[in-house]
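A.B. asks: Based on what follows, work out the 3D shape:
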Amino acid sequence: MFELILSLGKCLVDLTFSEWFSGKSLHISTLNITSTGCVSSSLTKLKIEVNTFDDCLYLLDGRLQCLSTLIIKIFEICYSLANIDNKKTLPKLKCFSLTSECYTQFYDDGIVLLLRRMLNLEKLTLFLLVSKIESTYIDGIQLYDEILIFMPRLNKLTFSINTLVFNRYITVDLPSNDDIQNSFIKRRYQPVGSYADEKLTDYAGRCHVYSLPYEFDCFYHLTNCFQGGIFNKVRWLAMADQHPFEHELFKKISHDFPFLQKLVVLNSKPQKNKQHASTLITFVHLVELNLRLAHTNYVEQFLLETKTCLPHLKNLVIEYESLVMITNNFTNDATHRNCSQLRRIDIDKPFICPENFHSYFPLL
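C.D. replies: Residues are numbered from 1 along each chain as shown. Predicted coordinates for the structure are as follows:
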């Protein structure tokens, strides 16, 4: 299909390409992109979703001769399987946006090398999740020395970069959040938000750096180190930590993410300060809640009407045992209000509905 569009659109200058089937994106196959028919002498702007980093490299190998703006979302960035030149400069490219929502280890040997080719870039947007082994976090000094110094004409940088490090065999002194902030201040960046683990837990540590104001609709892997702020554009939030999330953090999130619609909580640690949860929290716009990989304390935190108000909750992802426990086998009045508007429950395994199940969830 992509090849056909390019062949028919001889004068096409702006293309957004995304196929949809049953609500899920079908990414272009590498076979189509590598086809000799995927060429254009007129296209200047392309917005596209692809499967691999190789697909991105093929699009930038010269077949799109006039391309100046590329907005690309890559499903998975992994080591290149093809012999594609990732060194030739890209002087015509003025605007580049790269999004990938899967963790990649191909940052230094792939992404960095690609970005260094964009000598005349004026606008750069990065949304990345990077994993590193025996290393440290990506900070302002690394960004400048490894990438931005090669882009003398860059006038706008928008980014959200999560770094997950695994340091098992060597000792790496991880920077504090103040160190990370200073790394951006020294290089005269625009305002930047950040939070970071200063110590490893099970050999792992997380850091998140992002330009302000925050421009993306997704926010990944918020931890207890989160520093706060206002994130009006975020609609999807994932929380993950190996230390418990307490009531006060959820209160902060309800304030700092006022238009949040989807929330994922990944935490197996029980709360320690349940007795201090006296303030009612309201998530006004939340429609989808995923607690499948969360301790039962968080099921209680969100479903008990004395702790949290979820007036528009429609979809719940949860383990059956947790749901049965907190609703007291679908008889607990204190959880009924937050459950009464549910239209879909995604449970981890098949089960036989008890007699009062449908009366407890009348809209299912």
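
A.B. asks: what helices or strands is the helix or strand encompassing I71 leaning on?
C.D. replies: I71 is part of strand 69-76 when elements are defined by DSSP states H and E. For strand 69-76, the elements it packs on are strand 45-52, helix 53-59, strand 95-99, judged by 3 or more C-beta pairs under 8 Å, 6 or more residues apart in numbering; DSSP states H and E. Using the backbone N, CA and C atoms, a C-beta is placed for each residue, glycine as well.

A.B. asks: What strands flank that strand, and is each parallel or antiparallel?
C.D. replies: Its sheet considered, strand 69-76 pairs with strand 45-52 (parallel), strand 95-99 (parallel) by DSSP bridges.

A.B. asks: ranking these by mean pLDDT, which is last?
C.D. replies: Of all the strands paired with strand 69-76, strand 45-52 carries the lowest average pLDDT, namely a mean of 92.

A.B. asks: Buried residues, it. List them.
C.D. replies: By neighbour count with 16 or more other C-beta atoms under 10 Å, strand 45-52 contains the buried residues K45, L46, I48, E49, V50, N51, T52.

A.B. asks: now swap in stretch 88-108 and tell me
C.D. replies: 90, 93-100, 103-104, 106-107.

A.B. asks: and it, how far apart are its ends?
C.D. replies: In stretch 88-108, first residue to last residue: 17 Å (C-alpha to C-alpha, to the nearest Å).

A.B. asks: And for stretch 207-217?
C.D. replies: With C-alpha to C-alpha, one end of stretch 207-217 sits 19 Å from the other.

A.B. asks: In stretch 333-352, which residues are buried?
C.D. replies: Here stretch 333-352 shows T335, H336, N338, C339, L342 as buried, counting by 16+ other C-beta under 10 Å.

A.B. asks: Tell me if I am right that the first one is in a helix.
C.D. replies: Looking back up the chat, that one is T335. Yes: counting by DSSP: H, G, I helix; E, B strand; the rest coil, T335 is part of a helix.

A.B. asks: leaving aside the residues next to it on the chain, what's closest to it?
C.D. replies: L303 (4.3 Å; C-beta to C-beta, 6 or more residues apart in numbering).

A.B. asks: Wait, that neighbour touches N328, no?
C.D. replies: No: contact status for L303 versus N328: not in contact, 11.1 Å apart, counting by C-beta atoms under 8 Å.

A.B. asks: With neighbour numbers in mind, choose between those two.
C.D. replies: Between L303 and N328, counted using other C-beta atoms under 10 Å, the more crowded position is L303 (26 against 11).

A.B. asks: so who does that one touch?
C.D. replies: The contact partners of L303, by C-beta atoms under 8 Å, 6 or more residues apart in numbering, come to I326, T327, T335, N338, C339.

A.B. asks: I'd like those residues laid out as a markdown table, including pLDDT and secondary structure.
C.D. replies: Putting these into a markdown table (pLDDT from 0 to 100; DSSP: H, G, I helix; E, B strand; the rest coil) gives the following:
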| residue | pLDDT | secondary structure |
| --- | --- | --- |
| I326 | 97 | helix |
| T327 | 96 | coil |
| T335 | 96 | helix |
| N338 | 96 | helix |
| C339 | 95 | helix |
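
A.B. asks: what's the closest of the residues you listed to L128?
C.D. replies: Lowest distance from L128 to these (C-beta to C-beta) belongs to N338, with 34.9 Å.

A.B. asks: what about the helices in the stretch 151-300 of the chain?
C.D. replies: Secondary structure of the stretch 151-300 of the chain by DSSP state H, counting those that start in this stretch: the helices cover 177-185, 247-256, 296-303.

A.B. asks: Need the ones you listed in JSON lines (columns: distance to V234).
C.D. replies: Below are the helices of the stretch 151-300 of the chain laid out as JSON lines (distance: least, C-beta to C-beta, whole Å):
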{"stretch": "helix 177-185", "distance to V234": "20"}
{"stretch": "helix 247-256", "distance to V234": "9"}
{"stretch": "helix 296-303", "distance to V234": "18"}
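
A.B. asks: Compare those and report which one is nearest to I77.
C.D. replies: helix 177-185 (23.1 Å).

A.B. asks: On the three-state scheme, Y144 is what?
C.D. replies: Three-state assignment for Y144 (three-state DSSP): helix.

A.B. asks: my bad, V324
C.D. replies: Applying three-state DSSP: V324 is helix.

A.B. asks: pLDDT wise, what is the nearest residue to it once chain neighbours are set aside at?
C.D. replies: Distances taken as C-beta to C-beta, 6+ apart put F330 closest to V324, at 7.4 Å, once the chain neighbours are dropped. Note on F330: pLDDT of 95.

A.B. asks: same deal with I170?
C.D. replies: So I170 comes in at 86 (pLDDT).

A.B. asks: Against T16, how distant is P213?
C.D. replies: According to C-beta to C-beta, to the nearest Å, P213 stands 25 Å off from T16.
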